[in-house]
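Chemist: Sequence and predicted structure below; questions after.
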Amino acid sequence: MISVALVDDHIMVRSGFAQLLSVESDINVHSQHSCASEAFKALVKSSVDVAVIDISMPDESGLVLLSKLRKEQPNFRAIILSIYDSASFVSQAIEAGACGYLSKRCGPGELVTAIRTVANGDRYLCADALFNLSNASATPSALDELTKREIEVFNHLIQGEDVKHIGTELSISHKTIHVHRANILSKLGLANNVDLIRFALKHKLLAE
């Protein structure tokens, strides 16, 4: 029996996956988690066979979560799930230790196939992710994947401004800023604010 953990902040997504997997005789949903911090506490000493982790969550990137889990459990096996499948995203996921990568555009049957493949010790990349990874030289700037609001938050973050100040400037809550920051880091494949500033300097988005 393959034990699976689901990590996604959207309850409808988690419930849908759980229902889908419940009809498979060889798969058991071990646990469900709505945020990275909760998932880390539950999975750091867990013996689940495969974790399905959303790349974008409100408190911390799924890639950061996976990296932390693999520091504690080097053989921890996970499939990263994202609405994005560009080469930069897939590369970052693999570097973080992902054994699989699925676009949210994939059909439900592919999730089952990916779980079985990864549980068996192999790697699984959906077709779009595999194609984009093999054509990495043609990858557009990851900034193109940011929303208008995320660009606004990004421009404040690279100036070194704190979350509360940005929230005041943009007239939105600091909790919402944290969500935007997490999404920006995930989309750019970065870990923290320092990486954001380095990214900005490298691409001449900020005066040195």
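Modeler: Structure received. Numbers count the residues shown, from 1 in each chain.

Chemist: Next, the most centrally placed residue in the chain: phi, psi?
Modeler: Centroid-nearest residue in the chain: I55, 1.3 Å away (criterion: CA atoms, centre = their mean). The phi and psi values for I55, taken as degrees, to the nearest 10, are phi -70, psi -30.

Chemist: Tell me who's in contact with it.
Modeler: For I55, the contact set (CB atoms under 8 Å, 6 or more residues apart in numbering) comprises 61-63, 80-82, 84, 89, 93, 186. The way it works is simple: take the backbone N, C-alpha and C, and place the C-beta from them, glycine included.

Chemist: how about the longest helix that the chain contains: buried residues?
Modeler: In the chain, with assignment by DSSP state H, the single longest helix is helix 174-188. Across helix 174-188, burial judged by 16 or more other CB atoms under 10 Å covers 176-188.

Chemist: who touches that helix?
Modeler: Helix 174-188 is contacted by residues 55-64, 82, 84, 88-89, 142-143, 145-146, 149-150, 153-154, 157, 163-164, 166-167, 170, 190-193, 195-196, 199 when judged by CB under 8 Å, 6+ apart.

Chemist: Just those: which are in helices?
Modeler: Among these, the members found in helices (DSSP H) are 62-64, 88-89, 149-150, 153-154, 157, 163-164, 166-167, 170, 193, 195-196, 199.

Chemist: Please pick the buried ones from the residues you listed.
Modeler: 62-64, 88-89, 150, 153-154, 157, 163, 166-167, 193, 196, 199.

Chemist: tilt between the longest helix of the chain and helix 163-170?
Modeler: In terms of direction (axes from the mean of the first three to the mean of the last three CA atoms, to 10 degrees), helix 174-188 departs from helix 163-170 by 100 degrees.

Chemist: Now do helix 174-188 against helix 148-157, angle only.
Modeler: Using the same axes, to 10 degrees: helix 174-188 against helix 148-157 is 90 degrees.

Chemist: For I151, the count of nearby residues, please.
Modeler: Close neighbours of I151, defined as other CB atoms under 10 Å, add up to 12.

Chemist: go on, P58?
Modeler: When counting by other CB under 10 Å, one arrives at 17 neighbours for P58.
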